[in-house]
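J.: How does the following fold in three dimensions:
(2 chains)
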Amino acid sequence: EAGVAQSPRYKIIEKRQSVAFWCNPISGHATLYWYQQILGQGPKLLIQFQNNGVVDDSQLPKDRFSAERLKGVDSTLKIQPAKLEDSAVYLCASTSTFTGELFFGEGSRLTVL
Amino acid sequence: GDSVTQMEGPVTLSEEAFLTINCTYTATGYPSLFWYVQYPGEGLQLLLKATKADDKGSNKGFEATYRKETTSFHLEKGSVQVSDSAVYFCALRALDSNYQLIWGAGTKLIIKP
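T.: The predicted model follows:
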């Protein structure tokens, strides 16, 4: 069974530029999460989707971050414009049921200069 | 709100030493408790879990017991190997938090040969 796929693995941009990350969850997984993991900290939930609907985006900085999951399968997380403090690993995870085990992708490491 | 506190790292041990990584939690309900591991350059993986008081989760020689009386879920291993070097995260999940994972800050473990 294929795991959660994320791309790109690494991205370096300058502040005020934009960046997009892509996630393809495990086939059949209805729930998808985006997390931000800053070095030395635990993951912070940015947004949770159930199929193509948003369950929780309370910690998503909506002035610069956006995310979509239009067809209820893959998802894109965008940052525009990026700030220095956005430097982090962006993790995507999926699960088949609301209370089921989460499976994580390898993450996308963003460096903002 | 619900929270997880785990011991700060890095923890440095020699091969075959005994490992304990402390984790305590605060939750109003009856959470499920998890240990995740993140090997260098890889995504987060579920290491073990326990869903009710006195349950013991175990995997790859690691164990943790859900202690409701002390609100703890300490991770232990009798004899660590160099390959156990990684960052370990304690987390909880509960109905009160909408089944979202609440994470500790992570503990980096370094095993020297």
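
J.: tell me which parts of chain B are close to chain A?
T.: Residues of chain B found near chain A (C-beta under 8 Å from any C-beta of the partner chain) are B:4, B:41-46, B:49, B:89, B:91, B:93, B:98-101, B:103-106. C-betas here are computed from N, CA, C, even on glycine.

J.: Report the separation between the residue in chain A that chain B sits nearest to and B:H74.
T.: Residue nearest to chain B within chain A: A:G42 (3.1 Å; C-beta to the nearest C-beta). Distance, A:G42 to B:H74, by C-beta to C-beta, to the nearest Å: 17 Å.

J.: Would you map the strands across chain B?
T.: B:3-6, B:11-14, B:19-21, B:23-26, B:32-38, B:44-50, B:56-59, B:62-65, B:75-77, B:86-93, B:101-103, B:107-112 (DSSP state E).

J.: Which strands and helices lie in contact with the third one?
T.: Here strand B:19-21 touches strand B:11-14, strand B:75-77, strand B:107-112, going by 3 or more C-beta pairs under 8 Å, 6 or more residues apart in numbering or on different chains; DSSP states H and E.

J.: what does the fifth one give?
T.: In this structure, strand B:32-38 packs against strand B:23-26, strand B:44-50, strand B:62-65, strand B:86-93, with contacts taken as 3+ C-beta pairs under 8 Å, 6+ apart.

J.: Tell me the pLDDT of B:L47.
T.: In this model, B:L47 is scored at 96, pLDDT.

J.: Provide a list of residues in contact with it.
T.: By C-beta atoms under 8 Å, 6 or more residues apart in numbering or on different chains, the contact set of B:L47 is B:34-37, B:59-60, B:62, B:75, B:88.

J.: could you redo the last one with a cut-off of 7 Å?
T.: Shown in contact with B:L47 (C-beta atoms under 7 Å, 6 or more residues apart in numbering or on different chains): B:35-37, B:59, B:62.

J.: Alongside chain B, which residues does chain A contribute?
T.: A:41-43, A:45, A:48, A:56, A:91, A:98-99, A:101-102, A:104-107 (C-beta under 7 Å from any C-beta of the partner chain).

J.: Using pLDDT, spot the least trustworthy of the residues you listed.
T.: Lowest pLDDT among the residues of chain A next to chain B: A:F98, with 69.

J.: on that earlier part again, tell me which of the helices and strands packed on strand B:32-38 lies nearest to A:V4.
T.: The closest of the helices and strands packed on strand B:32-38 to A:V4 is strand B:44-50. By C-beta to C-beta, the value is 10.3 Å.

J.: Excluding residues flanking it in the chain, which one is nearest the residue positioned nearest the centre of chain A?
T.: Chain A has A:W34 as the residue nearest its centroid, 3.1 Å off, counting by C-alpha atoms, centre = their mean. Spatial nearest neighbour of A:W34, excluding adjacent residues (C-beta to C-beta, 6 or more residues apart in numbering or on different chains): A:L46 at 4.5 Å.

J.: Nothing else from me, thank you.
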